[in-house]
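Asks: predicted model and sequence below, questions to follow.
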Amino acid sequence: MRFSQGTFPTTTIINLLVFFVPATAITFPHSIGTGTALLSLMGLFVLATGKTLPSLDAMEKGLLMTFGLFATVSLLSILWFGDKFSEFDTPSRFVLAIPVYLLLRRFLPSQGAFWFGTAVGAIGGGVLAVYQKFILGIPFDAIGYTHHIEFGDINLVLGGIAAAGLPYFKRFRLGYLIPMAALVFGIMGSILSGARGGWPAIPILLYCLYRQNFQSYKVISKEIRITALSMGLLAALLFFYGGGTERATAAISDIKQYQSGHENTSVGLRFELWKGSREIFIKNPLLGVGKSGFISAIQELASLEVIDKMATQYKDAHNDFLDITAKRGLLGLIMFFMILIVPARLFIHTLQHGNEFQRPYGMAGIILIASFVVYGLTETMFYLTLPTTFYVFTVVVLSAFIVSAESAT
């Protein structure tokens, strides 16, 4: 198996950017936006100069069409409700991903650029979290340059994706230590960030990796088993001594207070926002009310004492599914499901029918989507620029590797 490669220096630049984006996504300001923008510009240049592109199959066309339609529906909603055009910044990442995909299909990067990039990103995020928590003593909500929830969630999924690359890393002497370290540091970053909404993704992620690396491979060395056990114990210790138990206890306390009629807590206000979003959707089921309409509707519900008045300080529903339905209605919700389902079908098909080169990318894709679905239950990941950019970048990179490997066989 040999992947087709581009010419120097084009492929070299692409390799550097494919490594750079995940490696620095949560540890350097604006790095993910800069890296993906450069890839998009390169893709547009290739299209403008008439470079020959590989023919796209039905799956690829469906993926790119889905991304384009999601962005189009978002734009039309913004224009229809008179929201600020800056609201299109995040959905535009789906459009910008299209030339990136076409570029990667023309000049496929090396496998190592992606796998090492995700591993470095996960380890770097975990090290930063440990340094700030235990050395500087900075509170969990000040980790990194971005919001602690984004930091912790992306750190976790970076570790899971890197761990899915274990079959690639095993070609190097003691190479299995790299993805395992990435997984542990990814979990550490998630725990130390205090982003408890992402913690339910940890057992799902571990189960996926178990199915891939322990059931799919007949022989697992004693060293790998011992290393996995040791790193698991380390992650467990960090959960208990790094603030995990306190955050979990606080969540339980918030739920009990909410049941007693005290809504003004972190968890309680989320429940109030979910209640308000449901009411907004029931009254505006087809197209929703838009961003500005959502803020006004939440304020009105608070004035009517349907929800707690403290909920008016938020501009989103803290739930991807409810936020989309309230702001863009059923049409927006359908398109939202499509940006999850269409790539998921490719990744599941790869796991079931792909070859040994493709399956790690399929597993990485499943981990990505499953994690974002879990994250989206308590946070609006696709309302935020960094997580959205990370999602679309990873989907197109994984898809390009899978399809190129198929065409090369």
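Replies: Structure received.
Asks: roughly how far apart are the nearest residue to residue 357 once chain neighbours are set aside and residue 362?
Replies: The shortest distance from residue 357 to any non-neighbouring residue, by C-beta to C-beta, 6 or more residues apart in numbering, is to residue 405 (4.9 Å). No exception for glycine: its C-beta is placed from N, CA and C like everyone else's. Separation of residue 405 from residue 362 (C-beta to C-beta, to the nearest Å): 10 Å.
Asks: for those two, list the residues in contact with both.
Replies: residue 354 (C-beta atoms under 8 Å, 6 or more residues apart in numbering).
Asks: and the spatially closest residue to residue 89 that is not a sequence neighbour, how many neighbours?
Replies: Nearest residue to residue 89 in three dimensions, chain neighbours excluded: residue 385, at 6.2 Å (C-beta to C-beta, 6+ apart). Residue 385 sits with 17 neighbouring residues when counted by other C-beta atoms under 10 Å.
Asks: now for this protein, the helix or strand with the poorest mean pLDDT.
Replies: Ranking every helix and strand in the chain by mean pLDDT, DSSP states H and E puts helix 222-241 at the bottom, with a mean of 62.
Asks: follow-up on the earlier one: could you double-check that the residue nearest to residue 357 sits in contact with residue 360?
Replies: No - look at residue 405 against residue 360 with C-beta atoms under 8 Å: they stay out of range, at 10.4 Å.
Asks: so which of these two has more stuff around it?
Replies: Shown here are residue 405 and residue 360; by other C-beta under 10 Å, residue 360 has more neighbours (28 against 22).
Asks: measure that one to residue 146 for me?
Replies: 28 Å.
Asks: what's the answer for residue 304, then?
Replies: Distance from residue 304 to residue 146, by C-beta to C-beta: 35 Å.
Asks: looking at those two, which one has more neighbours?
Replies: residue 146 (18 against 9).
Asks: the closest residue to that one other than its chain neighbours: neighbour count?
Replies: Once flanking residues are discounted, residue 146 sits nearest to residue 386: 6.0 Å by C-beta to C-beta, 6+ apart. Residue 386 has 23 neighbours, counted by other C-beta under 10 Å.
Asks: spit out the contact partners of the residue nearest to residue 89.
Replies: 33, 89-90, 93.
Asks: so can I have a markdown table of the residues you listed showing pLDDT and secondary structure?
Replies: What follows is the contacts of residue 385, written out as a markdown table (pLDDT from 0 to 100; DSSP: H, G, I helix; E, B strand; the rest coil):
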| residue | pLDDT | secondary structure |
| --- | --- | --- |
| 33 | 93 | helix |
| 89 | 95 | coil |
| 90 | 95 | coil |
| 93 | 97 | helix |
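Asks: between those, which is closest to residue 66?
Replies: Using C-beta to C-beta, residue 93 comes nearest to residue 66 of the contacts of residue 385, at 13.6 Å.
Asks: thought residue 392 was touching the closest one, still the case?
Replies: Yes - here residue 93 reaches residue 392: they are 5.2 Å apart, a contact under C-beta under 8 Å.
Asks: on that earlier part again, just the buried residues of the contacts of residue 385.
Replies: Neighbour counting by 16 or more other C-beta atoms under 10 Å classes 33, 90, 93 among those as buried.
Asks: next one: the second one from residue 9, what distance?
Replies: The gap separating residue 90 from residue 9 is 32 Å, by C-beta to C-beta.
Asks: elements contacting the helix or strand that residue 332 is a member of?
Replies: Element membership for residue 332, per DSSP states H and E: helix 320-353. Applying 3 or more C-beta pairs under 8 Å, 6 or more residues apart in numbering; DSSP states H and E, one finds that helix 320-353 makes contact with helix 58-81, helix 266-283, helix 290-303, helix 359-375, helix 385-408.
Asks: state the mean pLDDT of the fourth one.
Replies: Meaning helix 359-375. Helix 359-375 carries an average pLDDT of 96.
Asks: repeat for the first one
Replies: When pLDDT is averaged along helix 58-81, the result is 96.
Asks: got any ranges where the stretch 301-409 of the chain has weak pLDDT?
Replies: 406-409 (pLDDT under 70).
Asks: switch to 50 and redo it
Replies: Applying pLDDT under 50 to the stretch 301-409 of the chain flags the ranges 409.
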